[in-house]
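S.K.: Build me a model:
(chains A, B, C and D)
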There are 2 protein chains.
Amino acid sequence: MTKQTNRSDCPINLSLEAWGDKWSLLIIRDLMFEGKRTYGDFLKSPEKISTNILAARLKSLQEVGIIVASGSPDRGTKGYHLTQKGIDMLPMMLEVYLWTEKHYPIPEHVQTILTKVKADKAGFAAAAALRLQSSDNDAS
Amino acid sequence: MTKQTNRSDCPINLSLEAWGDKWSLLIIRDLMFEGKRTYGDFLKSPEKISTNILAARLKSLQEVGIIVASGSPDRGTKGYHLTQKGIDMLPMMLEVYLWTEKHYPIPEHVQTILTKVKADKAGFAAAAALRLQSSDNDAS
DNA sequence: CCGCATCCCTATAGATACTG
DNA sequence: CAGTATCTATAGGGATGCGG
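M.R.: Numbering: from 1, shown residues only, chains lettered A, B, ... in the order given. Here you go, the predicted structure:
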């Protein structure tokens, strides 16, 4: 039942079909920068995603291979994390941050980080990617 | 009537509220890389946007300041073009292209261009931006 | 004919209540 | 806590209308 839309083979369109909705990038943000892992974590984000949408997005992001679910451990809490394909969205996400910073007022603590990003974009991305890759197999 | 949602002040969210739907980035792509300008041009794109959606997106993209409409010239054809805010989306758009290239089969002619992009990302973006800025006040 | 606006209808998004 | 069920709202497709 994996949706087989493919309005066109344009890369922009293929990207939109993978994560082009109002919520997917927020989940990716949470996984990428906020250290969130569980269904409950995502629900707590300030945008207040509703439970059915969250479940649907988690499913579709798994279907397109951007995230994977780690089988629920002892405590019964299932965790999600980014695949390499998801981690590869980092440069794009950083550009989204930088575009927004240029055209909207954004929270000060984000500004602070973005100053570092601008100083060494590739370095920041590499360090963040390493951190995400190592968390692929952590326990707690 | 400019929508004042603002689910949060997170930059990712602010971006999503500006262009986070299934169509806006395709219009921006057409303006940025395909040299398209008119309503009819956009309709001809392979994704086959319908007329009411196109009109709605052109309106919302103007409201958020990503595009502007140039008053219809002699022949009665209104043109649109990117504002500086829209042109500033170039680095992000390039990263979208690069991400897709890495994870999906894409058309060969796009591959060719992306090879150049990877060789000199900043240079490519600067050249493209210059071209877009100069087209702000062209006639034909 | 071109650039939209409108209407109708269907499909999907999304809020809320509820269940294993 | 992690989802499903149900219901409503909005996005979107397609045809059509209408002014320039």
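
S.K.: worst-scoring helix or strand of chain A, pLDDT-wise?
M.R.: Of all the helices and strands that make up chain A, strand A:67-70 has the lowest average by mean pLDDT, DSSP states H and E, namely a mean of 91.

S.K.: which residues are contacting the following helix or strand past that strand?
M.R.: Taking DSSP states H and E as the definition, the helix or strand that follows strand A:67-70 towards the C-terminus is strand A:79-82. For strand A:79-82, the surrounding residues in contact (C-beta atoms under 8 Å, 6 or more residues apart in numbering or on different chains) are A:28, A:31-32, A:37-39, A:58, A:66-70, A:72-73, A:89, A:132, A:135-136. No exception for glycine: its C-beta is placed from N, CA and C like everyone else's.

S.K.: For strand A:79-82, the averaged confidence score.
M.R.: Strand A:79-82 carries an average pLDDT of 93.

S.K.: That strand pairs with which strands, and in what direction?
M.R.: When pairing is defined by DSSP bridges, strand A:79-82 lines up against strand A:67-70 (antiparallel).

S.K.: thinking again about what came up before, put the alpha carbons of the least confident helix or strand of chain A into CSV.
M.R.: As requested, the backbone C-alpha atoms of strand A:67-70 are provided in CSV (Å, rounded to 0.1, in the frame of the first residue of the first chain):
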residue,chain,number,x,y,z
ILE,A,67,13.3,6.8,9.9
VAL,A,68,13.2,3.4,11.5
ALA,A,69,11.6,2.1,14.6
SER,A,70,13.7,0.3,17.1
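
S.K.: what comes up buried for stretch A:100-109?
M.R.: Under the neighbour-count criterion of 16 or more other C-beta atoms under 10 Å in any protein chain shown, stretch A:100-109 has A:Thr100, A:Glu101, A:His103, A:Ile106 buried.

S.K.: Okay, now it: how far is its last residue from its first?
M.R.: 14 Å (C-alpha to C-alpha, to the nearest Å).

S.K.: and if you look at stretch A:8-26?
M.R.: In stretch A:8-26, first residue to last residue: 25 Å (C-alpha to C-alpha).

S.K.: does that stretch come close to chain B?
M.R.: Yes: part of stretch A:8-26 sits close enough to chain B to count as contact by C-beta under 8 Å from any C-beta of the partner chain, namely A:8-17, A:20-22, A:25-26.

S.K.: Spatially central, which residue of chain A would that be?
M.R.: A:Ile28 (1.1 Å; C-alpha atoms, centre = their mean).

S.K.: ok, back up a step: which of the buried residues of stretch A:100-109 sit farthest apart?
M.R.: Of all pairs drawn from those, the widest gap by C-beta to C-beta lies between A:His103 and A:Ile106 and measures 9.5 Å.

S.K.: Give me the common contacts of those two.
M.R.: With contacts taken as C-beta under 8 Å, 6+ apart, A:His103 and A:Ile106 have no neighbour in common.

S.K.: and stretch A:80-97 with DNA strand D, contact?
M.R.: No: against DNA strand D, stretch A:80-97 shows no contacts by C-beta under 7 Å from any atom of the strand, the least distance being 7.7 Å.

S.K.: What strand or helix carries the residue nearest to the centre of chain A?
M.R.: Using DSSP H and E, A:Ile28 maps to helix A:24-33.

S.K.: so who does A:Leu31 touch?
M.R.: Remark: with contacts taken as C-beta under 8 Å, 6+ apart, A:Leu31 is in contact with A:Arg37, A:Ile67, A:Tyr80, A:His81, A:Leu82, A:Gly86, A:Leu132.

S.K.: For it, give its distance to A:Ala128.
M.R.: When C-beta to C-beta, to the nearest Å is applied, the distance between A:Leu31 and A:Ala128 equals 12 Å.

S.K.: got the residues of chain A near DNA strand D?
M.R.: Chain A comes close to DNA strand D at residues A:Thr38, A:Tyr39, A:Gly40, A:Asp41, A:Leu43, A:Thr51, A:Asn52, A:Ala55, A:Leu58, A:Ala69, A:Thr77, A:Lys78, as judged by C-beta under 7 Å from any atom of the strand.
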